[in-house]
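[1] predicted model follows, preceded by the sequence.
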Amino acid sequence: MTKYSDAFKEQLVQEYLHGPKGYKRLAKKYEMPSPTPIKKWVHTYQVLGRDGLKRKTKKSRYTGSFKWDVLYWRKQTGASLRETAGAFGLSNLSMISAWNRAWDQEGMAGLEEKPKGRSPMTDKSSRKPLSPTPLSREAQLERENELLRLENAYLKKLRAFRKKSEPSPEKHKQGLRSSFRKKDSD
């Protein structure tokens, strides 16, 4: 959800362009915490027109070669971020800076689009079945011994758990008798 509507942005831009108030006074008038968004909207409006203020419904994707062209043009002309954004019809200046950082760190690979999200699951039918490697006789016996130990430990815990969960009738009766004696002695 956006904080400001397209109509509100355009109203502020028009008021700035045709009125006597500056960024700070407009921000104060409309109770905005900072005049920075108004500055961005005015610049975007001057470069891209009314369409630059509209909310994007779909995320723009740029190819690595387009990003390279933008950076190359900027370097050759010595243009500022604003001038570069205007020349290529981009409304987000920080995006050009991010491309430049990616280029400095990784080269052309940094400008290519990277896949996002979790990698797709492979089809079960395409997986190779695990072929058990033949074990030596000694390894087979060790494995069998280990499984028997595990089974034995499991059964011991199961017996102990069953003994613990069954209440003994003598203890239960003793508890009841002692509580009755206390009440009668009062």
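    Nice, I can see it. What you see is a predicted model; the values in this text were computed from it and never measured.
[2] can you classify the residue positioned nearest the centre of the chain by secondary structure?
    For the chain, the residue nearest the mean C-alpha position is G117 (8.8 Å; Cα atoms, centre = their mean). Put simply, G117 is coil when judged by DSSP: H, G, I helix; E, B strand; the rest coil.
[3] equivalent analysis for W41, please.
    Once three-state DSSP is applied, W41 turns out helix.
[4] residues touching it, list them.
    K9, L12, V13, L53 (Cβ atoms under 8 Å, 6 or more residues apart in numbering). The way it works is simple: take the backbone N, C-alpha and C, and place the C-beta from them, glycine included.
[5] out of those residues, list just those in helices.
    Among these, the residues falling in helices (DSSP state H) are K9, L12, V13.
[6] packing partners for the host helix or strand of S65?
    Assigned by DSSP states H and E, S65 belongs to helix 64-77. Under the contact definition 3 or more Cβ pairs under 8 Å, 6 or more residues apart in numbering; DSSP states H and E, helix 64-77 sits against helix 81-88, helix 93-106, helix 108-111.
[7] still on that earlier bit, would you list the ones in helices among the contacts of W41 in CSV and tack on neighbour count?
    Below are the ones in helices among the contacts of W41 laid out as CSV (neighbours: other Cβ atoms under 10 Å):
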residue, neighbour count
K9, 23
L12, 24
V13, 21
